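# I'd like to go over a predicted model; first the sequence, then the structure.
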Amino acid sequence: MRILVVEDESALRESLKTQLVAAGFTVDVAQDGKEGLFAGLEYPLDLAVIDLGLPQVSGLEVIRKLRAAHKTYPILILTARDNWQDKVEGLQAGADDYVAKPFQFEEVLARLQALLRRAGGWATPQLQCGPVTLDTRAQTVSVDGAPVELTTFEYRILEHLMLRAGEVISKSELTERLYDQDFERDSNVIEVLVGRLRRKLDPQDQLKPIETLRGRGYRFSLARQAG
Ligand code: CA
């Protein structure tokens, strides 16, 4: 999942970045509203964290412009403590949720994960499709209750596909969301990882959880269970 962090306090920005990377996100950062707006419009994002008090362009203005440009990914705002007007204005501008400063990283992470799940149409942190279960909090996967060991990148691909189970996800979309800008992008790597993921989830080649749609991408095709 690719996330943008727009925050002008450098210590906070870097600490968010470090912790989000450790939690498995691909992270882009911006240090003012102008940079944030550019990144928010141009990068292939799954969600954004935006501080409301920003130099150049205010956080509220960034959010209004992103929404006016039909960017629909979830936005979590960072607000000053005890300032209810900020929260209301942020939500009215198009943000989806807020966290008041100072915060614990765990709260930010839990809210981001909930926003991602809801954007994918899931109500609970446990994603279940056929016999495959993916727990977004523990970052674990099992098939018919038996744990499956995945590497970080395998897990990230599977989480992305399952959050949007039933939808076609292109190879370039997967690549862009797994690697940040500095990383050499190679769609062959995605093919290899998807191949390994298939063998791990479905060693007998019976379930066929991940379909390849020639020239279009991949689709997680096992039916979602209501959760
Ligand atoms: Ca600020």
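Structure's in. What do you need?

# can you list the residues of this protein near the ion?
When proximity is defined by Cβ under 5 Å from the ion, the chain lies next to the ion at Asp8, Asp51, Gly53. Placement of C-beta: from N, CA and C, glycine included.

# could I get the contacting residues of Ser172?
Ser187 (Cβ atoms under 8 Å, 6 or more residues apart in numbering).

# may I see the buried residues of the helix or strand harbouring it?
Assigned by DSSP states H and E, Ser172 belongs to helix 171-178. Residues of helix 171-178 classed as buried by neighbour count (16 or more other Cβ atoms under 10 Å): Lys171, Glu173, Leu174, Thr175, Glu176, Arg177, Leu178.

# quick check: the fourth one touching Asn188?
No: contact status for Thr175 versus Asn188: not in contact, 10.0 Å apart, counting by Cβ atoms under 8 Å.

# circling back to that earlier point, ok, the residues of the chain next to the ion vs Arg118, which is closest?
Asp51 (22.2 Å; Cβ to Cβ).

# in contact with that closest one, which residues?
Here Asp51 is in contact with Val6, Glu7, Asp8, Glu9, Gly59, Ile77, Leu78 (Cβ under 8 Å, 6+ apart).

# which of those residues has the most neighbours?
Counting neighbours by other Cβ atoms under 10 Å, Val6 comes out on top of those with 30 neighbours.

# residues contacting that residue?
29-33, 35-36, 39-40, 48-51, 54, 59, 62.

# pLDDT weak spots in the protein?
180-185, 226-227 (pLDDT under 70).

# residue at max distance from the center of it?
For the chain, the C-alpha farthest from the mean C-alpha position belongs to Gln204; by Cα atoms, centre = their mean, that distance is 30.8 Å.

# name the residue of the protein that lies nearest to the ion.
Gly53 (3.7 Å; Cβ to the ion).

# which SS class is that residue?
coil (DSSP: H, G, I helix; E, B strand; the rest coil).

# I'd guessed Thr136 sits against Gln126; true?
Yes: contact criterion Cβ under 8 Å: Thr136 and Gln126 qualify, at 7.5 Å.

# with neighbour numbers in mind, choose between these two.
More crowded of Thr136 and Gln126, by other Cβ under 10 Å: Thr136, with 20 against 16.

# returning to that earlier point: and which of the residues of the chain next to the ion is nearest to Val21?
Asp51 (18.7 Å).

# strands along the protein, start to end?
2-6, 26-30, 47-51, 75-79, 97-100, 126-129, 132-135, 140-143, 146-148, 168-169, 210-213, 217-220 (DSSP state E).

# how many residues are close by the nearest residue to Leu150 once chain neighbours are set aside?
Once flanking residues are discounted, Leu150 sits nearest to Val141: 5.8 Å by Cβ to Cβ, 6 or more residues apart in numbering. Per other Cβ under 10 Å, the neighbour tally for Val141 reads 23.

# give me the beta-bridge partners of Val141?
For Val141, the beta-bridge partners are Leu134, Val148 (DSSP bridges).

# surely it touches Leu134?
Yes: counting by Cβ under 8 Å, Val141 touches Leu134, with 5.1 Å between them.

# who touches both of the two?
Counting by Cβ under 8 Å, 6+ apart, the residues touching both Val141 and Leu134 are Leu158.
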